[in-house]
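Trainee: need a structure here:
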Amino acid sequence: MKAIAKRTMSKGAADMQHTVVNAVFEGGGVKGIALAGAVSAAERCGVSFNRIAGTSSGSIVAALLAAGCNAAELKAIIEGTPFSSFLQRSPLFRAKLIGPAVRLMLRKGLYSGDSLEQWISGVLKSKGIRIFADLPPGKLQIIASDITNGKLLVLPQDIEAYDLDPSQFPVARAIRMSTSIPYFFDPVIVRQPQRYKVKVKAKSSYVVDGGLLSNFPLWLFDHKQTDNNPYPVLGFQTVGRSDAQPHHINGPITMFQAMFETMLSAHDQRYIEQHNRARTIKIPALGVRTTQFTITPEMSLELYNSGVSAGEKFFKTWRPAT
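Mentor: Model (predicted):
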């Protein structure tokens with residue numbers, strides 16, 4: 001693919017021309033901080049984004065980019081966000097041991113996830129974005145999982161199956177769906193349409209983290225390259241999970257968390273290794289875990305810088321196909 005413009009960049013990207021790509025951001029909870037670092041490297045190397053997609057924390061980065069945030073803004077947002085504030089429970093569920101168990105039975109999650117949705121809603125609102133109609137058509141796509149019907153959702157378009165208007169669907173709500181780590185955050189409940197007179201037992205769908213079905217949806221743009229969208233696809237992925245400490249399993253909750261993180265570490269890997277190694281920026285996660293929301297500012301900065309380093313290394317040799 002030919003370059004879109006002839007603008008020479010500096011800071012380690014000499015002779016790298018301005019290039020437009022479609023980008024896919026992997027999910028990974030708190031590890032998404034590293035994705036923002038890689039975006040910074042991409043920006044400095046003259047790369048800008050056309051269509052953007054993401055799963056879980058990758059959907060947050062994707063949405064912020066689609067909303068017009070640059071790398072400096074992404075870094076400022078990370079530095080100003082106390083991630084531990086997303087872990088809130090009402091006083092009713094704070095009793096030691098029994099509180100979390102009762103909450104799991106009643107709400108299907110240890111934490112509500114409402115704080116995360118309110119946070120991203122506020123950030124997007126500051127950029128003038130509330131619903132998908134506020135973005136260019138096809139600009140942003142977010143992956144979620146409908147576990148009631150056992151199907152993958154590509155938002156906003158697939159929300160039409162629930163008799164909801166994709167263009168009017170809130171972007172923050174789609175992110176909330178995609179980031180609902182099972183048993184950690186409450187699932188999002190969507191009413192199923194009742195098109196027939198026959199009663200259906202399941203009247204609601206439970207929607208959870210998109211990583212359950214596709215944590216790194218590089219396939220999303222592969223069949224959508226046209227004359228109007230000729231751009232190459234790049235993937236942004238955190239790696240190095242095997243270097244983390246072993247999971248300590250002492251009950252059903254910790255066992256499920258270990259299962260979920262193990263699944264994410266292997267999800268989509270065969271597809272990536274066979275077809276996409278050359279177009280994937282692999283970012284060391286430094287042993288940080290998906291649900292490590294109590295991450296320190298120092299570790300957060302290390303994770304961000306890991307993304308910067310990985311991005312700079314990738315773009316030193318990568319050139320779009322001609």
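
Trainee: all helices for the chain, in order.
Mentor: 32-44, 57-66, 71-79, 98-107, 114-126, 171-178, 252-266, 269-275, 297-317 (DSSP state H).

Trainee: Give the other helices and strands that the fifth one contacts.
Mentor: Put plainly, it is helix 114-126. Helices and strands touching helix 114-126, as assessed by 3 or more Cβ pairs under 8 Å, 6 or more residues apart in numbering; DSSP states H and E, comprise helix 57-66, helix 171-178. The C-beta positions use only the backbone N, C-alpha and C, and glycine is treated the same way.

Trainee: what sits up against it?
Mentor: 60, 63-64, 67, 77, 81, 85-86, 88, 130, 170-173, 175-176, 179, 185 (Cβ atoms under 8 Å, 6 or more residues apart in numbering).

Trainee: If we use 6 Å, what do you get?
Mentor: Contacting residues not belonging to helix 114-126 are listed as Ala67, Ser85, Phe86, Gln88, Val171, Ala172, Ile175, Arg176 [Cβ atoms under 6 Å, 6 or more residues apart in numbering].

Trainee: Show the contacting residues for Ile52.
Mentor: Contacts of Ile52 (Cβ under 6 Å, 6+ apart): Ala23, Ala62, Leu65, Ala66, Leu140.

Trainee: quick one: pLDDT of it?
Mentor: Per-residue confidence (pLDDT) for Ile52: 98.

Trainee: Report how many residues lie close to Cys128.
Mentor: One correction, residue 128 is Gly, not Cys. With neighbours defined by other Cβ atoms under 10 Å, the count for Gly128 comes to 10.

Trainee: what do you get for Ile295?
Mentor: Neighbours of Ile295 (other Cβ under 10 Å): 18.

Trainee: so where is the stretch 51-200 of the chain shaky, pLDDT-wise?
Mentor: In the predicted model, the stretch 51-200 of the chain carries pLDDT under 70 at residues 89-107, 194-200.

Trainee: do you know how far the most centrally placed residue in the chain is from Gly27?
Mentor: Nearest residue to the geometric centre of the chain (Cα atoms, centre = their mean): Gly58, 2.0 Å. Distance of Gly58 to Gly27, computed by Cβ to Cβ, to the nearest Å: 5 Å.

Trainee: Then Val20?
Mentor: 24 Å.

Trainee: These two: who's more crowded?
Mentor: Comparing Val20 with Gly27 by neighbour count (other Cβ under 10 Å), the higher total belongs to Gly27, at 31 against 19.

Trainee: need the strands for the stretch 101-250 of the chain, in chain order.
Mentor: With strands called from DSSP state E, counting those that start in this stretch, the stretch 101-250 of the chain shows them at 109-111, 140-146, 151-155, 183-185, 188-191, 204-209, 233-239.

Trainee: Tell me which of those sits most buried.
Mentor: With neighbours defined as mean count of other Cβ atoms under 10 Å, those peak in mean count at strand 140-146, which reaches a mean of 28.

Trainee: Quick one: residues in contact with it.
Mentor: Residues from elsewhere that reach strand 140-146 (Cβ under 6 Å, 6+ apart): 52-53, 55, 59, 63, 66, 153-155, 174, 177-178, 205, 207-208, 210, 212-214, 217.

Trainee: CA atoms only for it - export them in PDB, please.
Mentor: Output in PDB follows, covering the C-alpha atoms of strand 140-146 (Å, rounded to 0.1, in the frame of the first residue of the first chain):
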ATOM      1  CA  LEU A 140     -15.500   2.100  16.100                       C
ATOM      2  CA  GLN A 141     -16.400  -1.500  16.700                       C
ATOM      3  CA  ILE A 142     -16.500  -3.200  20.100                       C
ATOM      4  CA  ILE A 143     -16.600  -7.000  20.900                       C
ATOM      5  CA  ALA A 144     -18.900  -8.400  23.600                       C
ATOM      6  CA  SER A 145     -20.300 -11.900  24.400                       C
ATOM      7  CA  ASP A 146     -24.000 -12.800  24.800                       C
END
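
Trainee: Run me through the strand neighbours of it, direction for each.
Mentor: In the sheet, strand 140-146 lines up against strand 47-55 (parallel), strand 151-155 (antiparallel), strand 204-209 (antiparallel) (DSSP bridges).

Trainee: Give me the angle between that strand and helix 171-178.
Mentor: 40 degrees (axes from the mean of the first three to the mean of the last three Cα atoms, to 10 degrees).

Trainee: I'd like to know how many residues surround Ser48.
Mentor: Ser48 has 16 nearby residues by other Cβ under 10 Å.

Trainee: In contact with it, which residues?
Mentor: Val20.
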